[in-house]
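Peer 1: Below are the sequence and a predicted model for it; my questions follow.
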Protein chains: 2
Amino acid sequence: MSTDDRLARVALSCAIEPGEDRMLTLVGELGAGAVHERLRGEESLLPRFHGLDPERVLADANRVGLRFVVPGDEEWPPVLGDLTTAPALQRRGGVPVGLWVRGPVRLDQLGGSVAVVGSRSATTYGADVAAGIAADLAAAGRTTVSGGAFGIDQAAHRGAVAAGGPTVAVLACGADRVYPEAHRRMIEHLAAEGAVVSETPPGGAPMRIRFLARNRLIATLSSGTVVVEAAVRSGALNTANWAGRLNRHLMGVPGPVTSASSQGVHQLVRTGAATLVTSGEDVLEVVAAAGEHLVAEPRAPERRRDRLSHGQRQVLDAVPVASGATTDSIARIAGMGPRPVRDALGRLAELELVERDGPGWRLAAAARE
Amino acid sequence: MSTDDRLARVALSCAIEPGEDRMLTLVGELGAGAVHERLRGEESLLPRFHGLDPERVLADANRVGLRFVVPGDEEWPPVLGDLTTAPALQRRGGVPVGLWVRGPVRLDQLGGSVAVVGSRSATTYGADVAAGIAADLAAAGRTTVSGGAFGIDQAAHRGAVAAGGPTVAVLACGADRVYPEAHRRMIEHLAAEGAVVSETPPGGAPMRIRFLARNRLIATLSSGTVVVEAAVRSGALNTANWAGRLNRHLMGVPGPVTSASSQGVHQLVRTGAATLVTSGEDVLEVVAAAGEHLVAEPRAPERRRDRLSHGQRQVLDAVPVASGATTDSIARIAGMGPRPVRDALGRLAELELVERDGPGWRLAAAARE
C-alpha cells in the first residue's frame, strides 16, 4: 500500500472507533483515502481530526516498538477479510483499517492458532484446564490467542509461555498500554516473545465497545475458539458468538453443573453451538485438517477381562456376583457343557476373576466392575 | 392372556436367561405355549425344565407379594414392544416373556418416566446432582427409574423418595431378593411405595449377563435416560447405548474434565450421542420437547431447520440429495473439520433430516423440497 493509504488509515484508526461497522464498510468500498478525505470535511467530525498528525502518530508508535499493519502489507492476515460479510454484533463489526502490533510474532503466521478465552473470575479448575490446553497447543506448534485479561485469559497465556509456545494477546486498549496494570510483566513478556495486538490506536483506553470490537478480532484471527469458563453473561460468550458467525470452530470445556462459571459454556454445548472438549488433544482434533490429529478415544486401562477368550467371557458372565453357584448351574446359564465350563473356571480363578464360595463359584472383587 | 399362556411364560421365565435374544424372538413369533412345548421336549434343555412347576412358582411368588405381568395384561407397558426390532447388544435383547413386579406402582403408569443412571463409584458431586434431578422429576410428577445399585442409582432413588415422588428399581436379581444387601431398607421402601421389577425369576441371583439384560429394560421403560457419572467402561454406558438404539432421549450431566467419573459422559456428549443437561429443568425440557417418545411428531422441515445451529445447517447444505456421500466428502464441501461434521450428522439423523445410504449419508425425505 502507498504511504498515503497507510497515513489515511492511521488517521482513520485514530478517528474511527474500533469496529465502527458502517465506517469500516465504507472504507472497504471506497478506499481509506477517499473516506478520510470525506470524513475530515464533515463538520460534526472536525473534533475527531483536529490536531491529528498521522505521520507523528506513526513515528511515535514506531519509537515505542509498535508497527501498523494494513491491508496490502505482507503481514496482513487475509482471514480478516471474513469480517467483510459477517453481520455486525452489538453494532460492532467490519474489517479494521489496520492493526497496531508489538512483538516478534507476525500476524500472517497465526494460521492454525487457537483462541482460549473465558471468565475473568475463573475458578482454579478453569485456570488449570485453560493453562493445560494452551500448553498442549504449544506442544503441537500452535499459537494461543487470548485477551490478556484476568482469569482464563491469563491462564491461557501463561500455559503457552510455560510450554515455550508463542502466544498473542489482542487488547481493547492501545497495544502500547497495559491493562490490567497487574498484568504488566505478562504483557511485556508477550511483547518480547509473542505479540500484543490492538485495533485501538496507541494510548487508547479500554472501553466496553472496544472490548466488543476486540472480541471479533480474537475469533477472526484464530481457526477455533475454546471457551473454558463463562457465566451466562460473560464477555467470552460474545467472542463465542463471533466464532460462530465467522464459521470458526467453537469449543467449550464443561465443568461441574454446580459452578456458575461453567453455566455459559454448558449452554453453548447444550444448544449445539459448541463442541464439548476436555483436553488439548480434543481441541487439536477439532481444529485439525482431516486425519491430522485423531484422538485415541479415552480407554480404561486394559482389564483382565479383555484378555479372555469368548468362551471364558461367556462363563464369567454367568457366575453370580454375591453367593456361589455350582459348576453345573453356571454351565446351564452359560448354555455350555460342564467340561469347558470347568476348564474356564480354572483359568478365571488363576486370573483372580472368580473365587470359591462353598461348593460353588462367585465373582471375585476384581471382576465386579 | 389365558392361564395356559401365563404359565408357559412363567416356565420360560425360569428356563430362559433374561434377554436371551433368539429365544425371545421365537416367543414373539410362535407364542409362549408353542415355544414352551418345543423347548421342554429338547434333550439338551431337560435340566432347565426338570422339576419346574410353573403353578407353584407363581403361587410362591404371589405369596411374597410378586405379580407376573405378561403381554396382554392391562399392566403390560406397550413400550416394551420397541425391543422387538431393536438389535441385540452383547447378545442380550428381545421382549421379556414377562416381568416380575413388587410394589404399588404399575408398569403401565411409567409413561414419561426418566431413567437416572451412572457409576457405582460416584463422587459426592455426582450423587448430589443425581438426587437433585430425581427430586425435580418428582416435583414434575415423573417417575425416576434406576437400577438400585450403589452410587448414582441409589442417589437417584433417594432423591425421588425425599421429594415424595414415585421411583422404580429394575433389578438384575429376582424382584424378591435384595442386592446389594446394604440397600435392603431402600429396596423394601421401593417395594412398599414404588416398584421393584425384574425379568429374572424369583430367587434368581445377580450375574453380569442379567445386568446387561436389565439395562435394556431401564432404557425401554423410560422416555429418556440421564447418565450422571460414568467412567469410560461403566455399565451405565450400556444403558446409554440401549437408550440410543431405542430412540429414547439420551442425556448426560457434565462434570470436571479432571474427573475420571465424568469421562464416559463427556464422550457421549462430545460424539453427539447425548444432549448435555445440567439440571432437572434441562431434563424435563428435553423429554417434554418431543412429547411422547413413541410418537415422532411430524414437523415441517422448515421448523426443524430453524432449530439447527449455523454449523449444522452448513453440513445439511452439503449433504447430497440423491446418493450418499461420505463424512469426509461432506466435510470438504461444508469446509468444516470431520469431527464437527460427524457430530452434526448425528444430530441431523436424530432429526430425520439425513439418512444412511451405504457407507455415506444423503438427505432424508423430510429435508428435500
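Peer 2: Received the coordinates, thanks.

Peer 1: List phi and psi for residue A:13.
Peer 2: Here is the backbone geometry of residue A:13 (degrees, to the nearest 10): phi -60, psi -40.

Peer 1: what about it, distance to residue A:97?
Peer 2: Distance of residue A:13 to residue A:97, given as C-beta to C-beta, to the nearest Å: 5 Å. The C-beta positions use only the backbone N, C-alpha and C, and glycine is treated the same way.

Peer 1: likewise residue A:88?
Peer 2: From residue A:88 to residue A:97 the distance is 16 Å (C-beta to C-beta).

Peer 1: so for stretch A:56-69, what's the average pLDDT?
Peer 2: Here stretch A:56-69 scores 97 as its mean pLDDT.

Peer 1: Could you give me the buried positions within the helix or strand hosting residue A:355?
Peer 2: Secondary structure assignment for residue A:355, by DSSP states H and E: strand A:354-357. Of the residues in strand A:354-357, A:354, A:355, A:357 count as buried by neighbour count, 16 or more other C-beta atoms under 10 Å in any protein chain shown.

Peer 1: hey, where'd the strands end up in the stretch 1-150 of chain A?
Peer 2: Along the stretch 1-150 of chain A, the stretches classed as strands by DSSP state E, counting those that start in this stretch are A:67-69, A:99-102, A:114-117, A:144-146.

Peer 1: Please apply the same query to the stretch 251-369 of chain A.
Peer 2: For the stretch 251-369 of chain A, the strands defined by DSSP E, counting those that start in this stretch cover A:275-276, A:354-357, A:360-363.

Peer 1: now these in CSV, with mean pLDDT?
Peer 2: Putting these into CSV (pLDDT from 0 to 100) gives the following:
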stretch, mean pLDDT
strand A:275-276, 97
strand A:354-357, 89
strand A:360-363, 90
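
Peer 1: nearest to chain B, of those?
Peer 2: Nearest to chain B among the strands of the stretch 251-369 of chain A is strand A:275-276; the distance by C-beta to the nearest C-beta comes to 4.5 Å.

Peer 1: Can you list the helices and strands that that closest one packs against?
Peer 2: For strand A:275-276, the elements it packs on are strand A:249-252, helix B:260-270, helix B:338-350, judged by 3 or more C-beta pairs under 8 Å, 6 or more residues apart in numbering or on different chains; DSSP states H and E.

Peer 1: Within the sheet, what are the partner strands of it, with directions?
Peer 2: The strands beside strand A:275-276 in its sheet (DSSP bridges) come out as strand A:249-252 (parallel).

Peer 1: Can you give the contact residues for the partner strand?
Peer 2: Contact with strand A:249-252 is made by A:223-227, A:240, A:243-244, A:265-266, A:268-269, A:273-277, A:282-283, A:286-287, B:336-337, B:340, as judged by C-beta atoms under 8 Å, 6 or more residues apart in numbering or on different chains.

Peer 1: cutoff 6 Å now
Peer 2: The contact list for strand A:249-252 (C-beta atoms under 6 Å, 6 or more residues apart in numbering or on different chains) reads A:224-227, A:240, A:243-244, A:265, A:268-269, A:273-275, A:277, A:283, A:286-287.

Peer 1: Name all residues that make contact with the closest residue to residue A:57 other than its chain neighbours.
Peer 2: Nearest non-adjacent residue to residue A:57, counting by C-beta to C-beta, 6 or more residues apart in numbering or on different chains: residue A:10, 5.4 Å away. Residues near residue A:10 by C-beta under 6 Å, 6+ apart: A:54, A:57, A:58.

Peer 1: Please repeat the previous calculation with a cut-off of 7 Å.
Peer 2: Contacts for residue A:10 (C-beta atoms under 7 Å, 6 or more residues apart in numbering or on different chains) come out as A:54, A:57, A:58, A:68.

Peer 1: Residue A:257 too?
Peer 2: Contacts of residue A:257 (C-beta under 7 Å, 6+ apart): A:266, B:129, B:253, B:254, B:278, B:279.

Peer 1: nearest spatial neighbour of the third one, skipping sequence neighbours?
Peer 2: Okay, so that is residue B:253. Nearest to residue B:253 is residue B:228, by C-beta to C-beta, 6+ apart, at 4.8 Å.

Peer 1: which ones are touching the one you found?
Peer 2: Contact analysis of residue B:228 by C-beta under 7 Å, 6+ apart lists B:116, B:118, B:126, B:129, B:130, B:152, B:253.

Peer 1: Name the residues of chain A found near chain B, please.
Peer 2: By the rule C-beta under 7 Å from any C-beta of the partner chain, the part of chain A lying against chain B is A:125, A:129, A:244, A:249, A:253-257, A:266, A:269-273, A:275-276, A:278-279, A:285-288, A:290, A:297-300, A:316-323, A:325, A:332-333, A:369.

Peer 1: Derive a PyMOL selection command for the buried subset of the residues you listed.
Peer 2: Remark: buried members of the residues of chain A next to chain B, expressed as a PyMOL selection using 16+ other C-beta under 10 Å:
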select buried, chain A and resi 125+129+244+249+253+254+255+256+257+266+269+270+272+273+275+276+278+279+285+286+287+288+298+316+317+318+319+320+321+322+325+332+333+369
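
Peer 1: Just the residues of chain A next to chain B: which are in helices?
Peer 2: Applying DSSP state H to those, the entries found in helices are A:125, A:129, A:244, A:266, A:269-270, A:285-287, A:316-317, A:332-333.

Peer 1: Need the max-distance pair from these.
Peer 2: A:244 and A:332 (58.7 Å; C-beta to C-beta).

Peer 1: Extract the C-alpha set from stretch A:107-114 and format it as CSV.
Peer 2: Provided in CSV are the C-alpha atoms of stretch A:107-114 (Å, rounded to 0.1, in the frame of the first residue of the first chain):
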residue,chain,number,x,y,z
LEU,A,107,0.0,-11.7,12.1
ASP,A,108,0.4,-13.7,8.9
GLN,A,109,1.8,-16.6,11.0
LEU,A,110,-1.3,-17.1,13.0
GLY,A,111,-2.9,-19.7,10.7
GLY,A,112,-4.0,-22.6,12.8
SER,A,113,-3.8,-20.6,16.0
VAL,A,114,-6.5,-21.2,18.7
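
Peer 1: And that stretch, what's buried?
Peer 2: Buried, per 16+ other C-beta under 10 Å, within stretch A:107-114: A:107, A:110, A:112, A:113, A:114.
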